[in-house]
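Enquirer: this one's sequence-less:
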Ligand SMILES: NC(=O)c1ccc[n+]([C@@H]2O[C@H](COP(=O)([O-])OP(=O)(O)OC[C@H]3O[C@@H](n4cnc5c(N)ncnc54)[C@H](O)[C@@H]3O)[C@@H](O)[C@H]2O)c1
(Lines give C-alpha, C1' and ligand atoms only; values in the text may rest on other atoms or scores of the structure.)
Protein backbone atom coordinates (compact mmCIF):
# COMPACT_ATOMS: atom_id res chain seq x y z
CA UNK A 1 0.00 0.00 0.00
CA UNK A 2 1.36 3.45 -0.89
CA UNK A 3 1.93 5.89 1.95
CA UNK A 4 1.53 9.68 1.90
CA UNK A 5 2.72 12.07 4.60
CA UNK A 6 0.50 15.12 4.98
CA UNK A 7 2.55 17.89 6.61
CA UNK A 8 0.33 20.66 8.00
CA UNK A 9 -3.21 19.41 8.62
CA UNK A 10 -5.39 22.52 8.48
CA UNK A 11 -8.10 23.15 5.92
CA UNK A 12 -6.12 21.89 2.92
CA UNK A 13 -4.10 19.14 4.62
CA UNK A 14 -7.17 17.39 5.96
CA UNK A 15 -8.90 17.53 2.57
CA UNK A 16 -5.80 15.98 0.96
CA UNK A 17 -5.99 13.20 3.56
CA UNK A 18 -9.46 12.28 2.28
CA UNK A 19 -8.30 12.36 -1.35
CA UNK A 20 -5.45 9.91 -0.70
CA UNK A 21 -7.45 7.68 1.69
CA UNK A 22 -10.30 7.43 -0.83
CA UNK A 23 -7.78 6.22 -3.41
CA UNK A 24 -6.56 3.43 -1.10
CA UNK A 25 -3.39 5.11 0.24
CA UNK A 26 -2.27 4.94 3.84
CA UNK A 27 -2.24 8.51 5.16
CA UNK A 28 0.01 9.88 7.92
CA UNK A 29 -0.97 13.36 9.09
CA UNK A 30 1.34 15.73 10.98
CA UNK A 31 0.79 19.21 12.42
CA UNK A 32 2.65 21.30 14.97
CA UNK A 33 -0.60 21.93 16.82
CA UNK A 34 -1.57 19.05 19.12
CA UNK A 35 -4.96 20.69 19.62
CA UNK A 36 -5.60 20.69 15.88
CA UNK A 37 -4.57 17.03 15.57
CA UNK A 38 -6.93 16.08 18.38
CA UNK A 39 -9.89 17.65 16.54
CA UNK A 40 -9.12 16.01 13.17
CA UNK A 41 -11.01 12.71 13.55
CA UNK A 42 -14.29 14.54 14.15
CA UNK A 43 -13.75 16.95 11.23
CA UNK A 44 -12.75 14.12 8.89
CA UNK A 45 -15.75 12.09 10.00
CA UNK A 46 -18.09 14.96 9.00
CA UNK A 47 -16.39 15.42 5.64
CA UNK A 48 -16.28 11.73 4.83
CA UNK A 49 -19.99 11.44 5.56
CA UNK A 50 -20.64 14.11 2.91
CA UNK A 51 -18.62 11.98 0.46
CA UNK A 52 -20.61 8.86 1.32
CA UNK A 53 -23.96 10.70 1.14
CA UNK A 54 -23.12 11.78 -2.40
CA UNK A 55 -21.73 8.39 -3.50
CA UNK A 56 -18.21 9.77 -3.80
CA UNK A 57 -16.89 7.24 -1.28
CA UNK A 58 -18.28 3.90 -0.20
CA UNK A 59 -17.62 3.80 3.49
CA UNK A 60 -16.61 6.52 5.96
CA UNK A 61 -14.93 4.04 8.34
CA UNK A 62 -12.68 2.68 5.58
CA UNK A 63 -11.49 6.23 4.90
CA UNK A 64 -10.96 7.09 8.54
CA UNK A 65 -9.17 3.81 9.33
CA UNK A 66 -6.61 4.59 6.61
CA UNK A 67 -5.60 7.84 8.35
CA UNK A 68 -3.09 8.09 11.22
CA UNK A 69 -2.13 11.19 13.21
CA UNK A 70 1.21 12.17 14.69
CA UNK A 71 2.88 15.17 16.29
CA UNK A 72 6.30 13.64 15.58
CA UNK A 73 7.52 14.78 12.17
CA UNK A 74 10.06 11.99 11.70
CA UNK A 75 7.47 9.37 12.58
CA UNK A 76 4.91 10.88 10.20
CA UNK A 77 7.44 10.85 7.37
CA UNK A 78 8.73 7.32 7.87
CA UNK A 79 7.85 5.03 4.98
CA UNK A 80 6.26 7.82 2.93
CA UNK A 81 6.24 7.40 -0.87
CA UNK A 82 5.03 10.97 -1.36
CA UNK A 83 4.94 14.09 0.82
CA UNK A 84 2.29 16.83 0.53
CA UNK A 85 3.14 19.97 2.51
CA UNK A 86 0.32 22.30 3.65
CA UNK A 87 1.87 24.62 6.23
CA UNK A 88 1.26 28.37 6.51
CA UNK A 89 1.40 30.52 3.37
CA UNK A 90 4.52 32.46 4.38
CA UNK A 91 7.92 32.24 2.70
CA UNK A 92 9.80 31.96 6.04
CA UNK A 93 7.54 29.06 7.07
CA UNK A 94 8.03 27.24 3.75
CA UNK A 95 11.84 27.69 4.01
CA UNK A 96 11.92 26.24 7.55
CA UNK A 97 9.53 23.37 6.85
CA UNK A 98 11.27 22.34 3.62
CA UNK A 99 14.71 22.42 5.27
CA UNK A 100 13.40 19.87 7.79
CA UNK A 101 11.60 17.77 5.18
CA UNK A 102 14.66 17.69 2.92
CA UNK A 103 16.76 16.47 5.83
CA UNK A 104 14.34 13.71 6.84
CA UNK A 105 12.94 12.40 3.54
CA UNK A 106 14.92 10.02 1.25
CA UNK A 107 16.04 11.59 -2.02
CA UNK A 108 13.80 9.47 -4.24
CA UNK A 109 10.60 10.71 -2.55
CA UNK A 110 8.92 13.77 -4.13
CA UNK A 111 7.97 16.58 -1.77
CA UNK A 112 5.09 18.72 -3.06
CA UNK A 113 3.89 21.99 -1.58
CA UNK A 114 0.24 23.04 -1.71
CA UNK A 115 1.26 26.71 -1.71
CA UNK A 116 -1.14 28.99 -3.57
CA UNK A 117 1.41 31.55 -4.66
CA UNK A 118 5.01 30.91 -3.56
CA UNK A 119 7.11 29.43 -6.38
CA UNK A 120 9.33 26.46 -5.45
CA UNK A 121 12.62 28.19 -6.34
CA UNK A 122 12.07 30.66 -3.45
CA UNK A 123 12.23 27.96 -0.76
CA UNK A 124 14.15 25.06 -2.34
CA UNK A 125 17.31 26.64 -3.80
CA UNK A 126 19.57 25.81 -0.84
CA UNK A 127 18.31 22.25 -0.35
CA UNK A 128 20.51 19.21 -1.03
CA UNK A 129 17.51 17.40 -2.55
CA UNK A 130 16.02 20.37 -4.36
CA UNK A 131 15.48 18.38 -7.57
CA UNK A 132 12.59 16.45 -5.93
CA UNK A 133 10.72 19.56 -4.68
CA UNK A 134 7.69 20.78 -6.60
CA UNK A 135 4.39 22.60 -6.26
CA UNK A 136 1.18 20.56 -6.27
CA UNK A 137 -1.31 23.40 -5.86
CA UNK A 138 -4.86 22.18 -5.14
CA UNK A 139 -8.16 24.04 -5.09
CA UNK A 140 -10.09 24.29 -1.84
CA UNK A 141 -11.39 21.72 -0.96
CA UNK A 142 -9.32 19.21 -2.97
CA UNK A 143 -11.53 16.22 -2.09
CA UNK A 144 -14.36 17.93 -4.00
CA UNK A 145 -12.52 20.06 -6.58
CA UNK A 146 -9.98 17.88 -8.38
CA UNK A 147 -7.65 20.33 -10.16
CA UNK A 148 -3.96 20.32 -9.13
CA UNK A 149 -1.36 22.64 -10.68
CA UNK A 150 2.00 20.88 -11.00
CA UNK A 151 4.94 23.28 -11.29
CA UNK A 152 8.65 22.81 -10.63
CA UNK A 153 11.60 25.13 -10.15
CA UNK A 154 14.16 25.12 -12.98
CA UNK A 155 16.10 22.46 -11.03
CA UNK A 156 13.15 20.13 -10.37
CA UNK A 157 13.73 16.88 -12.28
CA UNK A 158 11.29 16.22 -15.11
CA UNK A 159 10.93 12.63 -13.87
CA UNK A 160 9.76 13.97 -10.47
CA UNK A 161 7.15 16.21 -12.11
CA UNK A 162 5.89 13.29 -14.19
CA UNK A 163 5.79 11.05 -11.13
CA UNK A 164 3.78 13.61 -9.12
CA UNK A 165 1.46 14.23 -12.08
CA UNK A 166 0.82 10.48 -12.40
CA UNK A 167 0.19 10.10 -8.67
CA UNK A 168 -2.36 12.94 -8.67
CA UNK A 169 -4.10 11.46 -11.72
CA UNK A 170 -4.12 7.99 -10.14
CA UNK A 171 -5.86 9.26 -6.98
CA UNK A 172 -8.68 10.85 -8.99
CA UNK A 173 -7.42 14.45 -9.22
CA UNK A 174 -7.03 16.41 -12.46
CA UNK A 175 -3.40 17.55 -12.70
CA UNK A 176 -2.25 20.25 -15.13
CA UNK A 177 1.34 21.24 -15.89
CA UNK A 178 2.43 24.86 -15.34
CA UNK A 179 5.62 24.97 -17.40
CA UNK A 180 7.27 28.09 -15.93
CA UNK A 181 7.23 29.60 -12.47
CA UNK A 182 4.86 32.56 -12.26
CA UNK A 183 3.31 34.32 -9.25
CA UNK A 184 -0.07 32.78 -8.43
CA UNK A 185 0.46 29.96 -10.95
CA UNK A 186 -2.52 29.88 -13.37
CA UNK A 187 -5.67 29.31 -11.35
CA UNK A 188 -5.12 32.22 -9.00
CA UNK A 189 -4.10 34.52 -11.86
CA UNK A 190 -7.46 33.79 -13.49
CA UNK A 191 -9.30 34.13 -10.18
CA UNK A 192 -7.40 37.35 -9.43
CA UNK A 193 -8.23 38.89 -12.82
CA UNK A 194 -11.94 38.21 -12.30
CA UNK A 195 -11.85 39.43 -8.69
CA UNK A 196 -10.06 42.65 -9.67
CA UNK A 197 -12.67 43.43 -12.32
CA UNK A 198 -15.48 42.56 -9.88
CA UNK A 199 -14.03 44.94 -7.27
CA UNK A 200 -13.74 47.67 -9.88
CA UNK A 201 -17.34 47.24 -11.12
CA UNK A 202 -18.84 47.10 -7.61
CA UNK A 203 -16.62 49.89 -6.25
CA UNK A 204 -17.59 52.20 -9.11
CA UNK A 205 -21.28 51.57 -8.38
CA UNK A 206 -21.94 49.81 -11.68
CA UNK A 207 -23.44 46.74 -10.02
CA UNK A 208 -24.18 45.47 -6.50
CA UNK A 209 -22.24 42.64 -4.85
CA UNK A 210 -25.33 40.39 -5.02
CA UNK A 211 -25.90 40.99 -8.73
CA UNK A 212 -22.19 40.58 -9.50
CA UNK A 213 -22.33 37.16 -7.78
CA UNK A 214 -25.43 36.23 -9.81
CA UNK A 215 -23.58 37.18 -12.99
CA UNK A 216 -21.08 34.45 -12.23
CA UNK A 217 -23.16 31.74 -10.53
CA UNK A 218 -26.19 32.07 -12.84
CA UNK A 219 -24.21 33.14 -15.90
CA UNK A 220 -20.57 32.44 -16.64
CA UNK A 221 -20.12 29.81 -13.94
CA UNK A 222 -22.82 27.44 -15.22
CA UNK A 223 -20.82 26.76 -18.36
CA UNK A 224 -17.50 26.84 -16.55
CA UNK A 225 -18.49 23.79 -14.47
CA UNK A 226 -17.98 21.62 -17.55
CA UNK A 227 -16.10 23.68 -20.15
CA UNK A 228 -13.22 26.14 -20.09
CA UNK A 229 -13.06 29.62 -21.67
CA UNK A 230 -11.54 28.34 -24.91
CA UNK A 231 -14.16 25.61 -25.27
CA UNK A 232 -16.78 28.26 -24.46
CA UNK A 233 -15.82 30.72 -27.19
CA UNK A 234 -15.52 27.93 -29.73
CA UNK A 235 -19.31 27.56 -29.45
CA UNK A 236 -20.12 31.28 -29.24
CA UNK A 237 -19.61 32.04 -32.94
CA UNK A 238 -20.89 29.95 -35.86
CA UNK A 239 -17.39 29.27 -37.24
CA UNK A 240 -15.67 28.72 -33.90
CA UNK A 241 -12.86 30.46 -32.06
CA UNK A 242 -11.29 32.41 -34.96
CA UNK A 243 -14.72 33.68 -35.98
CA UNK A 244 -15.30 34.61 -32.33
CA UNK A 245 -12.09 36.65 -32.16
CA UNK A 246 -12.82 38.45 -35.43
CA UNK A 247 -16.32 39.37 -34.21
CA UNK A 248 -15.64 40.15 -30.54
CA UNK A 249 -11.86 40.55 -30.27
CA UNK A 250 -12.00 44.35 -30.77
CA UNK A 251 -14.62 44.72 -28.00
CA UNK A 252 -12.40 42.81 -25.55
CA UNK A 253 -9.31 44.69 -26.73
CA UNK A 254 -11.06 48.01 -25.97
CA UNK A 255 -12.01 46.82 -22.47
CA UNK A 256 -8.45 45.53 -21.90
CA UNK A 257 -7.16 49.11 -22.34
CA UNK A 258 -8.74 50.08 -19.00
CA UNK A 259 -7.74 47.21 -16.65
CA UNK A 260 -8.89 47.20 -13.03
CA UNK A 261 -5.35 47.84 -11.72
CA UNK A 262 -3.83 47.00 -8.33
CA UNK A 263 -5.58 49.83 -6.42
CA UNK A 264 -8.85 47.90 -6.23
CA UNK A 265 -7.16 45.70 -3.59
CA UNK A 266 -6.36 48.72 -1.37
CA UNK A 267 -8.01 48.42 2.03
CA UNK A 268 -10.03 51.60 1.52
CA UNK A 269 -11.56 50.20 -1.69
CA UNK A 270 -12.31 46.66 -0.44
CA UNK A 271 -13.61 47.84 2.94
CA UNK A 272 -16.13 50.18 1.31
CA UNK A 273 -17.44 47.18 -0.62
CA UNK A 274 -17.58 44.70 2.27
CA UNK A 275 -19.24 47.29 4.56
CA UNK A 276 -22.01 47.96 2.03
CA UNK A 277 -22.56 44.30 1.15
CA UNK A 278 -26.17 43.58 2.07
CA UNK A 279 -26.91 40.12 3.46
CA UNK A 280 -23.26 39.38 4.21
CA UNK A 281 -22.72 36.33 6.43
CA UNK A 282 -21.75 36.93 10.07
CA UNK A 283 -18.39 35.28 10.85
CA UNK A 284 -20.20 32.75 13.08
CA UNK A 285 -22.02 31.35 10.00
CA UNK A 286 -18.92 30.71 7.88
CA UNK A 287 -18.31 27.10 9.03
CA UNK A 288 -21.96 26.16 8.46
CA UNK A 289 -22.02 27.80 5.08
CA UNK A 290 -18.80 25.96 4.14
CA UNK A 291 -20.54 22.66 4.89
CA UNK A 292 -23.44 23.75 2.68
CA UNK A 293 -20.93 24.57 -0.09
CA UNK A 294 -19.29 21.17 0.29
CA UNK A 295 -22.65 19.39 0.03
CA UNK A 296 -23.43 21.29 -3.20
CA UNK A 297 -19.97 20.65 -4.59
CA UNK A 298 -20.31 16.96 -3.79
CA UNK A 299 -23.66 16.78 -5.61
CA UNK A 300 -22.15 18.60 -8.60
CA UNK A 301 -19.10 16.32 -8.64
CA UNK A 302 -21.33 13.24 -8.61
CA UNK A 303 -23.35 14.69 -11.51
CA UNK A 304 -20.18 15.42 -13.50
CA UNK A 305 -18.75 11.95 -12.81
CA UNK A 306 -21.97 10.32 -14.00
CA UNK A 307 -22.09 12.47 -17.16
CA UNK A 308 -18.45 11.66 -17.93
CA UNK A 309 -19.20 7.93 -17.63
CA UNK A 310 -21.84 8.29 -20.34
N1 LIG B 1 -7.22 27.77 1.88
C2 LIG B 1 -7.21 27.70 0.56
O3 LIG B 1 -8.16 28.07 -0.13
C4 LIG B 1 -6.00 27.10 -0.14
C5 LIG B 1 -6.16 26.59 -1.43
C6 LIG B 1 -5.05 26.01 -2.07
C7 LIG B 1 -3.82 25.97 -1.43
N8 LIG B 1 -3.70 26.50 -0.17
C9 LIG B 1 -2.38 26.44 0.47
O10 LIG B 1 -2.34 25.36 1.37
C11 LIG B 1 -1.48 25.68 2.47
C12 LIG B 1 -2.24 25.52 3.77
O13 LIG B 1 -3.35 26.40 3.76
P14 LIG B 1 -4.62 26.17 4.73
O15 LIG B 1 -5.72 26.98 4.16
O16 LIG B 1 -4.81 24.72 4.97
O17 LIG B 1 -4.09 26.87 6.06
P18 LIG B 1 -4.42 26.48 7.59
O19 LIG B 1 -4.04 27.67 8.39
O20 LIG B 1 -5.80 25.94 7.70
O21 LIG B 1 -3.40 25.26 7.88
C22 LIG B 1 -2.03 25.42 8.08
C23 LIG B 1 -1.60 24.39 9.11
O24 LIG B 1 -0.18 24.37 9.19
C25 LIG B 1 0.15 24.10 10.55
N26 LIG B 1 1.55 24.44 10.75
C27 LIG B 1 2.09 25.63 11.11
N28 LIG B 1 3.44 25.52 11.16
C29 LIG B 1 3.75 24.23 10.82
C30 LIG B 1 4.95 23.51 10.71
N31 LIG B 1 6.13 24.06 10.96
N32 LIG B 1 4.88 22.21 10.34
C33 LIG B 1 3.69 21.62 10.09
N34 LIG B 1 2.51 22.27 10.20
C35 LIG B 1 2.54 23.56 10.55
C36 LIG B 1 -0.84 24.91 11.34
O37 LIG B 1 -0.95 24.44 12.68
C38 LIG B 1 -2.12 24.70 10.52
O39 LIG B 1 -2.85 23.59 10.99
C40 LIG B 1 -0.97 27.10 2.22
O41 LIG B 1 0.29 27.07 1.61
C42 LIG B 1 -2.02 27.66 1.27
O43 LIG B 1 -1.55 28.67 0.41
C44 LIG B 1 -4.76 27.04 0.50
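Expert: Great, that's in hand. On a predicted model such as this, the values are computed, not experimentally measured, just so you know.
Enquirer: count of neighbours near residue 302?
Expert: Number of residues near residue 302 (other C-beta atoms under 10 Å) recorded here: 15. All C-beta atoms are positioned from the backbone trio N, CA, C, and that covers glycine.
Enquirer: what sits against it?
Expert: By C-beta atoms under 8 Å, 6 or more residues apart in numbering, the contact set of residue 302 is 54-56.
Enquirer: so how far is residue 182 from it?
Expert: Using C-beta to C-beta, to the nearest Å, residue 302 is found at 33 Å from residue 182.
Enquirer: The nearest residue to residue 128 once chain neighbours are set aside: neighbour count?
Expert: Nearest residue to residue 128, sequence neighbours excluded (C-beta to C-beta, 6 or more residues apart in numbering): residue 102, at 6.2 Å. Per other C-beta under 10 Å, the neighbour tally for residue 102 reads 18.
Enquirer: Residue 102 reaches residue 125, doesn't it?
Expert: No - Residue 102 lies out of contact with residue 125 (C-beta atoms under 8 Å); the separation is 11.4 Å.
Enquirer: which ones are touching residue 261?
Expert: The contact partners of residue 261, by C-beta under 8 Å, 6+ apart, come to 196, 200.
Enquirer: who in the stretch 1-150 of the chain is up against the ligand?
Expert: Proximity of the stretch 1-150 of the chain to the ligand, by C-beta under 6 Å from any ligand atom, involves residues 7-13, 31-33, 36, 86-89, 93, 97, 114-116, 137-138, 140.
Enquirer: give me that answer again for 8 Å
Expert: With C-beta under 8 Å from any ligand atom as the criterion, the stretch 1-150 of the chain meets the ligand at residues 7-14, 30-33, 36, 73, 85-89, 93-94, 96-97, 100, 113-118, 137-140, 142.
Enquirer: Which of these fall within strands?
Expert: 7, 30, 85, 113, 137-138 (DSSP state E).
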